[in-house]
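> need the 3D shape of this:
(one chain, ligands or ions: 2)
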Amino acid sequence: MASTDISLHNNVPIAHDEHDHEHDHHDQPFIFKYIFSQDHKVIAKQFLISGIIWAFIGGALSSLFRLQLGWPNETMPFLEPILGKWIEGGKLNQEFYLALVTMHGTIMVFFVLTAGLSGTFSNFLIPLQIGARDMASGFLNMLSYWFFFLSSVIMFTSLFLETGPASAGWTIYPPLSALPQAIPGSGTGMTMWLVAMVFFIVSSLLGSINYISTIINLRTAGMSMTKLPLTIWAFFLTAVLGVLSFPVLFSAALLLVFDRSFGTSFYLSDIYVAGQALSNTGGSPILFQHLFWFLGHPEVYIVILPGFGIVSEVIATNARKPIFGYRAMIGSMLGISILSFVVWAHHMFVSGMNPFLGSVFMFLTLIIAVPSAVKVFNWLATLWRGNIIFTPAMLFSIGFVSLFISGGLTGIILGNSALDIQLHNTYFVVAHFHLVMGSSAFFGMFAGVYHWFPKMFGRMMDEKLGYIHFWLTFLGVYLVFLPMHYVGIAGFPRRYYSWTAFETFSQFADLNMFISAAAIIAWFAQFIFLFNFVYSIFRGRRADANPWRSNTLEWTTPIHPGHGNWPGAIPAVYRWPYDYSKPGAEEDYIPQNIPHSETKSSNLSSEKELE
Ligand code: HEM
Ligand SMILES: [Cu+2]
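Ligands and ions are numbered 1, 2, ... in the order given. Predicted coordinates:
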């Protein structure tokens with residue numbers, strides 16, 4: 001706890017705490033140092049490793065359903081030893097197919113791209129980049145991870161249920177999710193999904209509250225909000241979105257539990273199951289859709305905002321240029337965050353809502369394109385005539401921008417309520433959100449791992465393997481998701497186990513096979529990353545203190561920072577984080593902790609306040 005106390009006074013340089021920290025660090029038994037640790041850096045690694053494990057599980061599930069979609073007439077007896085009764089006679093069970101897509105979506109959106117991404121980088125970077133000893137509450141931070149772990153265990157266990165895991169899609173729309181008798185996956189699997197999600201929300205809220213209070217209260221001397229790296233702004237807004245929207249999912253889930261277990265009818269009315277009328281009246285499944293998407297849309301930005309931050313940082317550092325439009329970047333993130341709360345019904349254009357209401361949501365949705373475009377132009381302008389260093393992190397960041405553009409464009413199409421009537425629930429939507437959310441958020445995460453690996457583990461990841469990983473993944477995701485637009489426009493529906501019964505879709509047999517093959521290859525390419533990650537932790541080249549010649553504070557810590565981050569006083573901050581290639585400067589970067597008095601020749605007239 002010592003670190004937490006000290007961090008509260010972090011503006012006062014305290015020299016004597018160095019000893020305390022080192023002491024603290026070495027004396028702790030293994031279980032407190034690595035398992036129930038309160039050190040934000042250890043917790044970040046816990047989130048990262050859990051996220052990586054979940055990503056491989058989520059990827060494996062998608063490879064399974066892509067096998068079914070790509071080769072619908074084949075039998076796959078080689079999977080029987082793994083899947084048992086779910087693939088009897090080599091034919092994938094139809095209900096299990098639904099479970100696969102449900103669990104794939106849930107795992108990827110919540111466990112990988114929310115917990116794995118925010119959990120890792122908010123935890124790791126917030127104290128290090130704002131100059132704090134740790135999070136505002138190391139204890140709540142630890143709880144946040146362990147609630148996530150508990151949630152993971154429950155969700156994972158549900159994969160092994162006799163009746164299968166939840167199967168109503170990651171959006172768990174009732175009535176399918178509300179009636180345990182509807183399909184096997186609506187039974188215990190759905191209950192466990194809901195319980196797991198409740199713990200997940202607790203974890204997310206504990207994390208977010210901590211991130212917000214840390215950023216507001218624990219910034220080092222001189223670190224004003226307008227000197228923050230964009231990563232921190234992004235993590236801050238992500239946490240605010242989480243705090244405001246996850247409670248709504250919580251209440252939606254709670255009402256669903258009531259409908260399932262206590263005979264209420266919040267979401268149910270006039271239902272017939274197998275010819276029998278149920279007694280529920282008065283509820284509305286549309287209510288659930290409103291509640292779900294009130295979280296669901298901000299959630300997609302919870303997933304992408306950390307990527308915005310990471311990529312801005314990596315691009316500026318590796319283009320050796322100040323980020324273009326720093327304030328516009330903050331403003332656009334703010335704008336996107338606010339707008340993300342008023343567009344949710346674009347997921348419900350075909351739910352029978354009043355077309356007038358639809359046009360309001362359409363208008364608000366399309367406005368998001370403006371701040372999104374501001375961001376894209378700013379990244380491109382930062383790259384423009386930069387002295388670009390193509391590290392793997394930089395490639396993944398540029399890949400992020402590319403995927404964000406490609407996926408964002410189709411958002412503008414889907415945002416038109418009239419066009420969405422044709423496209424809703426087709427592969428066009430699947431293509432849209434996999435490019436803009438799935439793939440680009442993953443690219444942001446990869447960029448972050450490659451870039452901050454030296455700070456996390458004191459060693460470098462292998463560059464060559466990084467390049468191979470990047471190119472296979474980059475080509476892979478485009479080969480997978482571009483063709484999906486095409487089949488989607490033709491009306492190919494999502495979440496269908498088998499399409500062979502529809503004559504009109506038989507023309508897409510080859511394309512489906514192609515998509516599946518590309519998807520499976522892209523999944524295997526991730527093992528290159530896994531190998532590089534694990535190998536480099538133990539055998540990677542040793543990193544020096546600031547391998548990317550970056551300006552932010554984390555690189556002023558020792559190569560292996562102890563609990564408390566800086567052995568001596570916390571550095572003060574004098575300038576913004578993007579002083580790259582300043583005319584007149586001796587080197588092409590000036591870290592944030594260098595006073596203006598030391599860089600007289602490169603100071604601009606606007607930076608008059610020299611100490
Ligand atoms: C210019 C910005 C964007 C616009 C105008 C837009 C618009 C839309 C619309 C209208 C839909 C509903 C389509 C339908 O179901 O028929 C949709 C679906 C979706 N979008 Fe976007 N989008 C944008 C950016 C994003 C971003 C940045 C993300 C995530 C990072 C994202 C993630 C999703 C997801 C996950 C879905 C589908 C969810 C589901 O049905 O399972 N979108 N988008
Ligand atoms: Cu949305």
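> tell me the SS of the spatially most central residue of the chain?
Centroid check for the chain by CA atoms, centre = their mean gives residue 113 as the closest residue, at 2.6 Å. Using DSSP: H, G, I helix; E, B strand; the rest coil, the structure places residue 113 in helix.
> surely it is in contact with residue 444?
No - if you go by CB atoms under 8 Å, residue 113 and residue 444 don't touch, sitting 9.1 Å apart. C-beta coordinates here come from the backbone N, C-alpha and C atoms, glycine included.
> pLDDT (mean, whole number) over whichever helix or strand residue 515 is part of?
Assessed by DSSP states H and E, residue 515 sits inside helix 509-539. On average, the pLDDT along helix 509-539 is 97.
> cool, and stretch 554-562?
Stretch 554-562 comes out at a mean pLDDT of 95.
> run through the stretch 1-150 of the chain and note the low-pLDDT ranges.
For the stretch 1-150 of the chain, applying pLDDT under 70 flags the ranges 1-27.
> how about the residues of this structure that lie near ligand 1?
171, 300, 303-304, 346-347, 365, 368-369, 372, 408, 411-412, 414-415, 420, 423-424, 429, 432-433, 436-437 (CB under 6 Å from any ligand atom).
> are any of these buried, and which?
Among those, those classed as buried by 16 or more other CB atoms under 10 Å are 171, 300, 303-304, 346-347, 365, 368, 372, 408, 411-412, 414-415, 420, 423-424, 429, 432-433, 436-437.
> neighbours around the residue nearest to residue 336 when sequence neighbours are not counted, how many?
The shortest distance from residue 336 to any non-neighbouring residue, by CB to CB, 6 or more residues apart in numbering, is to residue 371 (4.9 Å). Neighbour count for residue 371, taken as other CB atoms under 10 Å: 20.
> just to revisit the earlier point, what's the offset of the helix holding residue 515 from the middle of its chain?
Computed by CA atoms, centre = their mean, to the nearest Å, the separation of helix 509-539 from the middle of its chain amounts to 19 Å.
> what does stretch 466-477 give?
Stretch 466-477 has its C-alpha centroid displaced from the chain centroid by 19 Å (CA atoms, centre = their mean).
> just confirm residue 185 contacts residue 167, I think it does.
Yes - applying CB under 8 Å as the test, residue 185 and residue 167 come out as touching, 2.7 Å apart.
> list residues touching both of the two?
95, 98-99, 102 (CB atoms under 8 Å, 6 or more residues apart in numbering).
> show me what contacts the residue nearest to residue 336?
Applying CB under 8 Å, 6+ apart, the residues contacting residue 371 are 331-333, 335-336, 339.
> filter these down to the buried ones.
Neighbour counting with 16+ other CB under 10 Å marks 332-333, 335-336, 339 as buried within the contacts of residue 371.
> any stretches of the stretch 151-300 of the chain with poor pLDDT?
Across the stretch 151-300 of the chain, nothing is flagged by pLDDT under 70.
> next, residue 322: secondary structure please.
Taking three-state DSSP, the label given to residue 322 is coil.
> so what's the residue count around it?
So residue 322, with other CB under 10 Å, has 17 neighbours.
> from residue 551, how far off is the residue lying closest to it once chain neighbours are set aside?
In this structure, residue 322 finds its nearest non-sequential neighbour in residue 578, 3.9 Å apart by CB to CB, 6+ apart. Residue 578 is 7 Å from residue 551, where distance means CB to CB, to the nearest Å.
> re the thing from before, tell me which helix or strand the residue nearest to residue 336 sits in.
Per DSSP H and E: helix 369-383 holds residue 371.
> identify each buried residue in that helix, please.
By neighbour count on 16+ other CB under 10 Å, the buried set for helix 369-383 is 371-372, 374-376, 378-379, 382-383.
> tell me the secondary structure for whichever residue of the chain sits closest to ligand 1?
Using CB to the nearest ligand atom, the closest approach of the chain to ligand 1 is made by residue 411 at 2.5 Å. Residue 411 carries the three-state label helix when classified by three-state DSSP.
> which residues does it contact?
Contacts of residue 411 (CB under 8 Å, 6+ apart): 365, 368-369, 432, 436.
> before we move on, back to that, only alpha carbons, please: show the helix holding residue 371 as CSV.
Presented in CSV, the C-alpha positions along helix 369-383 are these (Å, rounded to 0.1, in the frame of the first residue of the first chain):
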residue,chain,number,x,y,z
ALA,A,369,-18.0,10.8,-40.0
VAL,A,370,-16.8,14.3,-39.5
PRO,A,371,-14.6,13.9,-36.4
SER,A,372,-13.6,10.5,-37.7
ALA,A,373,-12.3,12.1,-40.9
VAL,A,374,-10.5,14.8,-38.9
LYS,A,375,-8.6,12.0,-37.2
VAL,A,376,-7.7,10.3,-40.4
PHE,A,377,-6.5,13.5,-42.1
ASN,A,378,-4.4,14.3,-39.0
TRP,A,379,-2.7,10.9,-39.1
LEU,A,380,-2.0,11.2,-42.8
ALA,A,381,-0.7,14.8,-42.3
THR,A,382,1.5,13.5,-39.6
LEU,A,383,3.0,10.9,-41.9
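> chain center to it, what's the gap?
Going by CA atoms, centre = their mean, where helix 369-383 is centred and where its chain is centred differ by 20 Å.
> can you check stretch 284-292 too?
24 Å.
> can I get the CA coordinates of that stretch in CSV?
Output of stretch 284-292 as CSV, limited to C-alpha atoms (Å, rounded to 0.1, in the frame of the first residue of the first chain):
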residue,chain,number,x,y,z
SER,A,284,-41.2,-5.7,-25.6
PRO,A,285,-38.1,-7.3,-27.1
ILE,A,286,-37.4,-3.9,-28.6
LEU,A,287,-36.8,-2.5,-25.1
PHE,A,288,-33.9,-4.9,-24.8
GLN,A,289,-32.5,-3.7,-28.1
HIS,A,290,-32.6,-0.1,-27.0
LEU,A,291,-30.9,-1.0,-23.7
PHE,A,292,-28.3,-3.2,-25.3
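> mind listing what's buried in it?
285, 288-292.
> still on that earlier bit, redo the contacts of residue 411 as CSV? Include pLDDT.
Formatted as CSV, the contacts of residue 411 follow (pLDDT from 0 to 100):
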residue, pLDDT
365, 97
368, 96
369, 96
432, 97
436, 95
